[in-house]
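Trainee: Take a look and give me a structure for this.
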Amino acid sequence: MPTRIAIFALAVIALLAQGFRCSGPPVVQLRIERPGFQEPHTPGSGDPAELAATSTVQALRGPTPRLNRTLSVRTKIPFRRPKAVLILMPGFLGGAGTFDPIARDLVKASHGRIEVWAIDRRSNLLEDRRGGIVTRVRAELASHKGDSTALQAAIDDGVRFYFEGSDLDGDGFPDAPFTLPDRSGARSSFLRLQQDDARFAAYWGVDTIVRDWKALVDEARSVVGPHGVVVVGGHSLGTTWTGLFAAYDFDPGPGVLAGYQLVDGLLLLEGGGPRAPSPSAPGLASYQATIADLASPGGSDVFLTDLFGFVDAVSLGAAGELNGLAGKFLPDEPSVLQKTSLFGGFPLSLLLSAPMTNEALPGFFLDDDFSTSAAFSASLGFSDNGPNAFNPFGALIPGSFLLADFTLPQPLRTWKNIDDPTLPSCPPNNPQPATGSGQVGCAIQDNGPKPPPGAPPVQWGVEREVTKMQTLLRSLYETGNASEWYFVSGRPNLDFTFGRDSSALGAPQLLNVTQNANVDVPVLAIGASNGLATTEDAFADYLGSIATPPADQQVRILEGYSHVDVLTAEQNEAVPIIQTWVESLHP
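Mentor: Have a look, this model is predicted:
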């Protein structure tokens, strides 16, 4: 047996050495689950205040679930001790997968001196990823064998797992659901939580989430040692969480243990950080009453169910993971998601009625030329084999979101990636009104010069196509997926009304954001001219509220980038900026 182990070890070493010669040391990702803050109402706390887990939660996590856990996806080079760890928080609806591209780039560029730990907030423990994981394993095996029939069957079964009632064979009758064993030993399709399954999330507010984050910061500090660097940061809404962590006093007593004292810098990506307290911030009695309502059966929603008021946010998260797999393994096949109840029903059946490929569907949702919201946009290429500007809602839904194509027969919409040599035949960005021929003209969009300081925020500069569709698709299903299916909104939204100073609440045991004015660590802020933080002014309010001297505040705006491009772009201009800044920090 020892001889076999030795032979295996030598084989592994040889393979690694061959990999080093070909492309440098391998970058790997690990999804780590560790004990987090012991919030007493959460299942598994062992506290008398613990709320009982429902049967659905038990089927997902076992008969005695433990939900006081931290989740992170760690991108690193094996057997190499980092000198710096970046612990990054995703934004609105975001999961750890949103950082997948930039994490790989940073680790590779630094030769492992920098590790990136992307946070999956604890609600990701409640996602039923069985269907996505099994679909991926089956699809990879079928792809390796070149078995197209088995590959399509794997994707179809994933759809049947998450979307009961789908008619993938087109016979007019709902298909039988695809089931898998759950933690109770029974077979089931998608285990979807209802609000009353997650009433304990009424206690998952700022205090709980930043204390989970602190557990990761403490661990990172032990990894890099006393002479290493630990940075916390976030993207979009994650920058609000970043500022709150820095300003949080983890000692509710007379002493002070502030978040900023535990780290060496703050990284803000496409978001301006936490705001000043809202005039509508409640008093203590009202605050506690709202928490009681959130925790009560039948009370207010603890997690987001509707996106934009009409899209099922939970199903959209599961659909994103499936679409990543379908777009990766069957990019040119007709979109299987368009056959689901989510996309086949109103209003998405109207917005996305034209048939399209698995690869094209995310483009019409997320590309900056088609998305209705800059908060979800990346520069992914273009689709020019059909009309792009039919928008009967006009100013109610700005932009040129792909709507119904009433021509018959309807063409299968395809996607041109940023490296497609035919892309200049219809230059990307800003589809123009249809001409008399029914086609849509295109032009490289120049949004004009950068506005002067103090001017209203606008997008500016020449837009660019920088994110490959396959890179985006991979982030949707990788080690950590790109979305938080059960986006906990009830308690955080309550806490966010206090912004960067909760002193007025007068309840440090509940919320203790009190140290913002003392934050004095270096800050790097990166915006995008085609995104949300389009100028230096986007960061001015937060940077002016902390004690970090101007010499330690860096703000960079990437011209032509959209909101998500800062994380996903090829040859990402944010990477060398971040790497140089991190390497300049000293504990």
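
Trainee: Show the backbone phi and psi for residue 446.
Mentor: Main-chain dihedrals, residue 446, degrees, to the nearest 10: phi -110, psi 110.

Trainee: Just give me the neighbour total for the closest residue to it other than its chain neighbours.
Mentor: Distances taken as Cβ to Cβ, 6 or more residues apart in numbering place residue 462 nearest to residue 446, at 4.9 Å, with adjacent residues excluded. Where you see a C-beta, it was placed from the backbone N, CA and C, and this is true even at glycine. For residue 462, the tally of surrounding residues (other Cβ atoms under 10 Å) stands at 14.

Trainee: wait, doesn't residue 462 sit right on residue 559?
Mentor: Yes - contact criterion Cβ atoms under 8 Å: residue 462 and residue 559 qualify, at 6.9 Å.

Trainee: In terms of secondary structure, what does the strand ranked longest in the chain contact?
Mentor: The longest strand of the chain (DSSP state E) is strand 553-562. Judged by 3 or more Cβ pairs under 8 Å, 6 or more residues apart in numbering; DSSP states H and E, strand 553-562 is in contact with strand 523-530, helix 537-543, helix 574-584.

Trainee: List the buried residues in it.
Mentor: 553, 554, 555, 557, 558, 559, 560, 561, 562 (16 or more other Cβ atoms under 10 Å).

Trainee: relative to helix 574-584, how tilted is it?
Mentor: Compare the direction of strand 553-562 with that of helix 574-584 by axes from the mean of the first three to the mean of the last three Cα atoms, to 10 degrees and you get 160 degrees.

Trainee: which residues are contacting strand 553-562?
Mentor: Applying Cβ atoms under 8 Å, 6 or more residues apart in numbering, the contact partners of strand 553-562 are 368, 374, 377-379, 450, 460-464, 466, 522-531, 533-536, 539, 543, 565-566, 569, 573-574, 577, 581.

Trainee: Any of those residues buried? List them.
Mentor: Using 16+ other Cβ under 10 Å as the burial test, the contacts of strand 553-562 include 368, 374, 377-379, 450, 460-461, 463-464, 466, 522-531, 533-536, 539, 543, 565-566, 569, 573-574, 581 as buried.

Trainee: rewinding a little: save the helices and strands packed on strand 553-562 as CSV, and put in mean pLDDT and distance to residue 84 too.
Mentor: Below are the helices and strands packed on strand 553-562 laid out as CSV (pLDDT from 0 to 100; distance: least, Cβ to Cβ, whole Å):
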stretch, mean pLDDT, distance to residue 84
strand 523-530, 97, 13
helix 537-543, 98, 22
helix 574-584, 98, 5
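
Trainee: Serialize these to a markdown table and add fields for distance to residue 320.
Mentor: Shown next, in a markdown table, are the helices and strands packed on strand 553-562 (distance: least, Cβ to Cβ, whole Å):
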| stretch | distance to residue 320 |
| --- | --- |
| strand 523-530 | 22 |
| helix 537-543 | 27 |
| helix 574-584 | 23 |
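
Trainee: right, and the ones you listed - which one's nearest residue 273?
Mentor: Among those, the nearest to residue 273 by Cβ to Cβ is helix 537-543 (3.3 Å).

Trainee: on contacts alone, who are the packing partners of the closest one?
Mentor: In this structure, helix 537-543 makes packing contacts with strand 523-530, strand 553-562, judged by 3+ Cβ pairs under 8 Å, 6+ apart.

Trainee: Would you reformat the ones you listed as TSV and include distance to residue 135?
Mentor: Shown next, in TSV, are these (distance: least, Cβ to Cβ, whole Å):
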stretch	distance to residue 135
strand 523-530	33
strand 553-562	29
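
Trainee: Looking at the ones you listed, spot the one closest to residue 58.
Mentor: Closest to residue 58 of these is strand 553-562 (Cβ to Cβ; 41.8 Å).

Trainee: starting at the chain centroid, how far to the strand or helix carrying residue 317?
Mentor: Element membership of residue 317 [criterion: DSSP states H and E] is helix 313-329. How far helix 313-329 lies from its chain's middle: 13 Å, per Cα atoms, centre = their mean, to the nearest Å.

Trainee: immediately after it, which helix or strand?
Mentor: As assigned by DSSP H and E, the chain's next helix or strand after helix 313-329 is helix 341-344.

Trainee: Mind giving me the packing neighbours of that following helix?
Mentor: Under the contact criterion of 3+ Cβ pairs under 8 Å, 6+ apart, helix 341-344 touches helix 313-329.
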